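Engineer: Generate coordinates for the sequence data below:
(chains A and B)
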Amino acid sequence: MTTLNENNEEKKWRDLAQSFGLSADEFANLKKLLKRPPSLEEIAVAGALWSEHCSYKSSRAHLARFHTNEPWVLQGPGENAGIVEVAPGVGLAFKMESHNHPSYIEPYQGAATGVGGILRDVFCMGARPVANMNCLRYGEGEYNAHLLKHTVRGIGDYGNSVGVPTVGGQTRFHAGYSKNILVNAFTAGLVKSDAIFRGKLQNDSTAVRSQKPSHLTPGTPLTKEKREELFPAGANLILYFGSATGRDGVHGATMSSDTFDDASAALKPTVQVGDPFAEKKLLEVTLELLEKKMCIGLQDMGAAGLTSSGVEMAGRSGCGVVIDLNLIPARTARLKAYEYLLSESQERMLCSVTPEQAPAVLALCQKYQVAAAVIGTVNDTGEFVCVHNDTVVCALPVDILTDNAPKYHWPLQDREQYLKDHQKIERQITQIEEQDSSKSQNQSATNRPKKTSVNLEFSVATRNALGHLLEAKQTTLGLAWPSLLSHAGDVLSHPTFTSKEPLTRHYCSTVQGNTLSGCQTPRSAAAAVIRLDAAYLDEKNSLHSDPFGQNAPAIALAAGCQERWIEIDPLNGAAQSVLLLARRIAASGGTPLAMTDCLNFGSPRQPAVMRQISDAIDGINSVAKTMRIPIVSGNVSLNNQTGQTPIPPTPMVGLVGVLSHVDRMTSDLPSAKAQLWWLAPKNLATQSRFEISEWAWNIFQMNAGPVPAVDFESEENLWALLAEMRMTGGPGSSTIPALETCSVVGCGGLLATLLTLASRARCGVELSPDAENLNLQLACAEGQAGVVISGSGLAQNESRWRASAEAKGLQLIPVGRLELLSTFSKPIAQAWENAHATYTSALKPFFE
Amino acid sequence: MTKKSAAILQFPGTNCDQDTVRWLARNLELDVLLVRSQEDIEHRPPGHTSVIVLPGGFSFGDYLRAGALAARSPLMDWVRREAALGVAVLGICNGFQILCESGLLPGALAPNAIRQHVHEFVTIRSETHIVSPWNPKIREGSLLTLPISCGMGNFIAPRKPGGYRPLFHYTNNLLGSAESIAGITNPDGNIVGMMPHPERASDPLLGATDGLFLLDALARQLGIPVRVGSPLELWRTLHNEKGS
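Structural biologist: Residues are numbered from 1 along each chain as shown, chains lettered A, B, ... in the order given. Model (predicted):
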């Protein structure tokens, strides 16, 4: 216990504060707010809670603009997860969170604990996790191959062991992530809407209590009388349960808000270690505790551990807490007070109970073999007080840490100037320096990267051939087709285009028995689809009338981001990016309900990055408002940059939707002989552009603006037409279904969609005359580019549906037919076979 | 007549228990009991249980060898006694590993040859001549499609021959199992361990129904009635129509 002495050593304390993440100004402000010098522990607490990760100090001003409410929102932002109603009386709790920095340093544990953290955010609200997704971004080179392998293993091993299906997400590659990979984890869980739990300390949290400051200061010794006063009998208790506390992750929240420099390798001991078995036990004990309503409030200990959970719970309830750090179950002797406060040991929970509830909670924890202890009490001081070795070490008013946390309005670059600067983005061909492999020398022999390397280049032959065809703006798809086929193998071996199955086969996507569409599932849709478990449904829907879940509702999930579009124009790019995800939900048969965001950006001190943040938020918000898809939870990860180079702006979004009936699911995989149509806006040529496509990026090494503004009307019309087609024919109807498959035209435009569909179906594509006449650039364009559909009812009634499309401002273009390879000439069949082989196997060597 | 009963074992870390309960309870007229501790079975007379299933998961975290700790829990003594009375025992995935670790089945399960967790739908064929309550009635040469999801599914045969009979073989042995084994039975046929998950492939909605072959066999051999309107009943109608 040390207290700052005003006169001398000022600089020493400033440096110390800086090592805990407080800038000189913030440190000065802390002193001013406290009206006294803070103790070491108080600096640690303030440093953690004022970090970007906990306080959103640079983004809060902008996040406030989010559209967060709709009648189906049960819990908006501000809690551990957002919740929407997906069936009468059933809520879906969900959130996405980043674990970027830890995963770059220690990919296996970094990614695993990312999954663990997001699971806890969901189940601490009383929801049983039913699905995980993850959004990953990697760059080039050997070290990124190493990161790819071990992050995927970490994600898989953790989720598989806890028993939550990992059903999808998005994995992309871009040289801009070579030194700052992104690992964003998403979890969704089901909760009965009358059983939602929140992180509070008192039952009557609505009442504003009079706060009586304790006037304690650090250094006060704890006499017997003082102790009785601080921990009065009859007060609500703070109860800790889960794994014991160690030194792991001390400084985690400050690290994850830090820019990388060469010293990063030294941060390795900061990374937490995951224990999925402990998580599984914690999950079961938490859900039983909440189901039996055995506690008042509960929150997981995530970033900044005990400090953030304790302070956040106190802040939400307007009360104070006193914690005796010596009572915390520890797995290391002689932990320092600040280490207890900052430890990010995994799989731990903090809850508040009445004195009467405490014995039962402790007994339940014992039954599940989970460590538990009463570590403090709740009071009305409005302070966060910690005691260590019978001395007060921290006595901070909670509002200083929360309401008075710094809020920065960093300058924004002018939007017009930003657009001008980013009108043309040339692809950086990063030379991955040997610095990365020197970093890996610090790793144990088993972790040393193998000689695989992520290569994001098409072969020169492919670049030349396709570049030649694309340069002539009038080239048609038919004219280019033979050349495209002969290079299809190379295209489909590119990490962006190739099958991600070598990754996703690490993920158990069928556990719990409700996955209709996930990874490697027999059925598949444009979004992940999970049936609602009968146990959550009310009497009308319950086991009695639908014992086999054949009529249950289902949820649809999609997550991802189109960073290349957003870098060109954060406003329109982000809007188009979210809309593409929503289109996945609509294509799978669902109605989008709400979203969570995970905003990954560079340093907010760069005006261009602030412009990206502000505009991306507005872009996402425009879709949220217009399409009524509120943002109910989120996370911000800033300072993803190395030196002065930020990552491409990556506001990842996780979107949830609902299917009123499992039967509504539409497949995204046409079978052999299926006839395909492109259903797209009539103004396709303006709503999608070749210059922003993955093709332009890889062949001409550049993207160029503008990114088209969203045409909401045509999007709504597209969804409406799909819904109408889905209702025509199909299960229980005498007519044949009009819509049997629906695949979203996304990355790589129509051309990439056709190539991957062919590979997934192990077929070739026989182009129709209309498709042959399509402009090649248009077939490669990205943006609001519609869907590829098939259906026997559509084939039969083509003129009717074409008229319906026209009436809605859409166009229905026949693109061709999937045919078995045996129907093609030998060289063409051979070209397709090559393409299929590279499509399925290109990523395999990374996991050997 | 009273219903026959089934016991599903749940160790700490087991995570396919609910799927397995649903698999049995939705399709068969069985009393299904989830057994978590000694207390749950201490009043059950020996032989009262007709079916015991050890579901998949990561019992006790599988931090030692998969299934090693669960195999030494007191609950397994009960399973051993019941199995000796001829009760039909099925271990799926981690359950198979537990059966091997406890000595109820010989051999061991080592890390997959491809050294990673694999989740994939695979095809297996069965030794149709073996008499076992779990041996599906499929025609010689026909295949079942079931998912595997394991990191340690590579079956290592015991040095001493005998003591077991291969029941299921992978058509593509990517885990590296001896004789491409996906599942084995004891000489009596009542104890079966298998890596693929039949309980996850028993629902037409999920696009996979071959797991119902196992329930069909169990129901026929133990005389357990099939639940009216269940996926299994529907499936039986379809398969009888096809005449298989």
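
Engineer: Distance check, residue A:226 against residue A:41.
Structural biologist: 18 Å (Cβ to Cβ, to the nearest Å). C-beta coordinates here come from the backbone N, C-alpha and C atoms, glycine included.

Engineer: More neighbours: which of these two?
Structural biologist: residue A:41 (27 against 16; other Cβ atoms under 10 Å in any protein chain shown).

Engineer: Return the list of helices and strands in contact with the strand or helix carrying that one.
Structural biologist: Residue A:41 is located in helix A:40-49, with elements delineated by DSSP states H and E. Identification of packing neighbours for helix A:40-49 by 3 or more Cβ pairs under 8 Å, 6 or more residues apart in numbering or on different chains; DSSP states H and E yields helix A:10-19, helix A:24-34, helix A:252-256, helix A:305-317, helix A:337-342, strand A:383-388, strand A:391-397, helix A:398-401.

Engineer: and it, which residues are buried?
Structural biologist: A:40-49 (16 or more other Cβ atoms under 10 Å in any protein chain shown).

Engineer: next one: stretch A:366-383
Structural biologist: A:368, A:370-383.

Engineer: Please identify the helix or strand for residue B:42.
Structural biologist: Using DSSP H and E, residue B:42 falls outside every helix and strand.

Engineer: do the one 4 residues further on as well
Structural biologist: Element membership for residue B:46, per DSSP H and E: none, as it lies in no helix or strand.

Engineer: My guess is it contacts residue B:84. True?
Structural biologist: No: assessed by Cβ atoms under 8 Å, residue B:46 is found out of contact with residue B:84, at 9.3 Å.

Engineer: Those two: which is more packed in?
Structural biologist: The residue with more neighbours, out of residue B:46 and residue B:84, is residue B:84; 14 against 11, by other Cβ under 10 Å.

Engineer: Model confidence for the more buried one, exactly?
Structural biologist: As summarised for this prediction, residue B:84 has a pLDDT of 96.

Engineer: where's it relative to chain A, distance?
Structural biologist: 30 Å (Cβ to the nearest Cβ, to the nearest Å).

Engineer: Repeat that for residue B:216.
Structural biologist: 16 Å.

Engineer: Contact partners for that residue?
Structural biologist: B:136-137, B:232, B:235-236, B:239 (Cβ atoms under 8 Å, 6 or more residues apart in numbering or on different chains).

Engineer: Do you have the helices of chain B handy? List them.
Structural biologist: Assigned helices in chain B, in chain order: B:17-27, B:68-71, B:74-84, B:94-101, B:212-222, B:231-242 (criterion: DSSP state H).

Engineer: Restricting to C-alpha, output the fifth one in CSV.
Structural biologist: By that I understand helix B:212-222. The C-alpha atoms that make up helix B:212-222 are tabulated as CSV, following Å, rounded to 0.1, in the frame of the first residue of the first chain:
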residue,chain,number,x,y,z
LEU,B,212,-32.9,-44.5,-36.6
PHE,B,213,-31.6,-47.8,-37.9
LEU,B,214,-30.1,-48.4,-34.5
LEU,B,215,-33.2,-47.5,-32.6
ASP,B,216,-35.3,-49.7,-34.9
ALA,B,217,-33.0,-52.7,-34.2
LEU,B,218,-33.1,-52.0,-30.4
ALA,B,219,-36.9,-51.7,-30.4
ARG,B,220,-37.3,-55.0,-32.3
GLN,B,221,-34.9,-57.0,-30.3
LEU,B,222,-35.9,-55.8,-26.8
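
Engineer: which intervals of the chain have sub-threshold pLDDT?
Structural biologist: All of this refers to chain A. Along chain A, the model assigns pLDDT under 70 to residues A:1-8, A:203-210, A:251-270, A:429-450, A:537-549, A:730-734.

Engineer: Please refer instead to chain B.
Structural biologist: For chain B, the ranges with pLDDT under 70 are B:1, B:241-244.

Engineer: show me where it has strands.
Structural biologist: Using DSSP state E, the strands assigned to chain B run over residues B:4-9, B:30-35, B:51-54, B:88-92, B:108-110, B:118-126, B:144-150, B:154-156, B:165-170, B:181-185, B:191-194.

Engineer: sorry, back to before: helices or strands up against the helix or strand just after the helix holding residue A:41?
Structural biologist: Once helix A:40-49 ends, the next helix or strand along the chain (criterion: DSSP H and E) is helix A:52-55. With contacts defined as 3+ Cβ pairs under 8 Å, 6+ apart, helix A:52-55 has these neighbours: helix A:252-256, strand A:631-637.

Engineer: Determine the next helix or strand in the C-terminal direction from helix A:52-55.
Structural biologist: helix A:60-63.

Engineer: contacting residues around that next one?
Structural biologist: A:56, A:77, A:407-409, A:613-614, A:617, A:634, A:636.

Engineer: So which of these is the closest to residue A:273?
Structural biologist: Closest to residue A:273 out of the contacts of helix A:60-63 is residue A:636 (25.1 Å), distances taken as Cβ to Cβ.

Engineer: Pretty sure the closest one sits against residue A:56.
Structural biologist: Yes: contact criterion Cβ under 8 Å: residue A:636 and residue A:56 qualify, at 5.4 Å.

Engineer: And the two? Which one has more around it.
Structural biologist: A direct count of neighbours by other Cβ under 10 Å for residue A:636 and residue A:56 places residue A:636 higher, at 26 against 20.

Engineer: Please give me every residue in contact with the residue in the stretch 601-750 of chain A positioned nearest to chain B.
Structural biologist: Using Cβ to the nearest Cβ, the single residue of the stretch 601-750 of chain A nearest to chain B is residue A:662, 5.8 Å away. Going by Cβ under 8 Å, 6+ apart, residue A:662 touches A:516, A:529, A:531, A:549-554, B:205.
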